[in-house]
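1. sequence first, predicted coordinates after that:
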Amino acid sequence: MRVVLDTNVLVSGIFFHGTPGKIIDAWLNEVFAIFASPSILDEYARVLLELGHDKKETFVFEWMDILIGLCHMVPDSSKSVSYSRDPHDDKFIDCAIGAKANYLITGDKDLIETGGKVPFKILTPAQFLHIL
């Protein structure tokens with residue numbers, strides 16, 4: 001199963017656990033594969049650094065090593081197609097298209113509302129966990 005995780009799901013899973021944490025655990029247990037692009041990895045790193053400032057110094061670097069080692073990479077898209085009301089979200093859709101993903105997992109309403117316009121399913125973490 002090919003999956004793209006929005007930053008909010010990844011970061012919530014790492015820092016706050018809950019349903020996103022169960023998704024991260026399933027990924028680390030190789031239940032599915034995560035795909036990312038360089039711009040998505042950059043965003044993951046930026047947000048992990050922002051939220052992890054009070055963690056042990058190596059915490060963020062360990063997670064970035066995990067992400068770089070386990071994420072399947074897709075090149076950033078050069079298309080100028082806009083899918084979402086928030087253009088910053090388009091990188092997740094472009095990545096899912098490039099990866100031929102089955103799912104994009106997000107809690108972002110702008111992304112969820114684009115669901116009918118793309119060749120994959122856009123699900124909330126709870127919906128995806130139900131599938132797992």
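-> Thanks, I have the structure now.

2. identify the residues contacting the helix or strand hosting D110?
-> Per DSSP states H and E, D110 falls inside helix 109-112. By Cβ atoms under 8 Å, 6 or more residues apart in numbering, the residues outside helix 109-112 that reach it are 6, 84-86, 89, 92-93, 104, 106, 122, 124. Where C-beta positions appear, they are placed from N, C-alpha and C, glycine not excepted.

3. counting neighbours, which bits of it end up buried?
-> 111-112 (16 or more other Cβ atoms under 10 Å).

4. C-terminal to that helix, what's the next element?
-> Moving toward the C-terminus from helix 109-112, the next helix or strand (DSSP H and E) is strand 121-123.

5. buried ones in that following strand?
-> Of all the residues in strand 121-123, those buried under the rule 16+ other Cβ under 10 Å are 122-123.

6. same check, this time on stretch 64-71
-> 67, 71.

7. could you find the closest non-adjacent residue to D108?
-> Setting aside the residues directly before and after it, D108 is nearest to D6 in space (Cβ to Cβ, 6 or more residues apart in numbering), at 5.7 Å.

8. ok now the least confident helix or strand in the chain by mean pLDDT, how far from the chain's centre?
-> Least confident helix or strand, the chain: helix 109-112 with a mean of 84, by mean pLDDT, DSSP states H and E. Using Cα atoms, centre = their mean, to the nearest Å, the distance from the centre of helix 109-112 to the centre of the chain it belongs to is 13 Å.

9. same question, stretch 12-28
-> Per Cα atoms, centre = their mean, the centroid offset for stretch 12-28 relative to its chain is 11 Å.

10. stretch 47-54 too?
-> Relative to the chain's own centre, stretch 47-54 is displaced by 17 Å; criterion: Cα atoms, centre = their mean.

11. just the buried residues of it, please?
-> For stretch 47-54, by 16+ other Cβ under 10 Å, it's 47-48, 52.

12. OK, contacts around V3?
-> Neighbour list for V3: 27, 32-35, 101-105, 128 [criterion: Cβ under 8 Å, 6+ apart].
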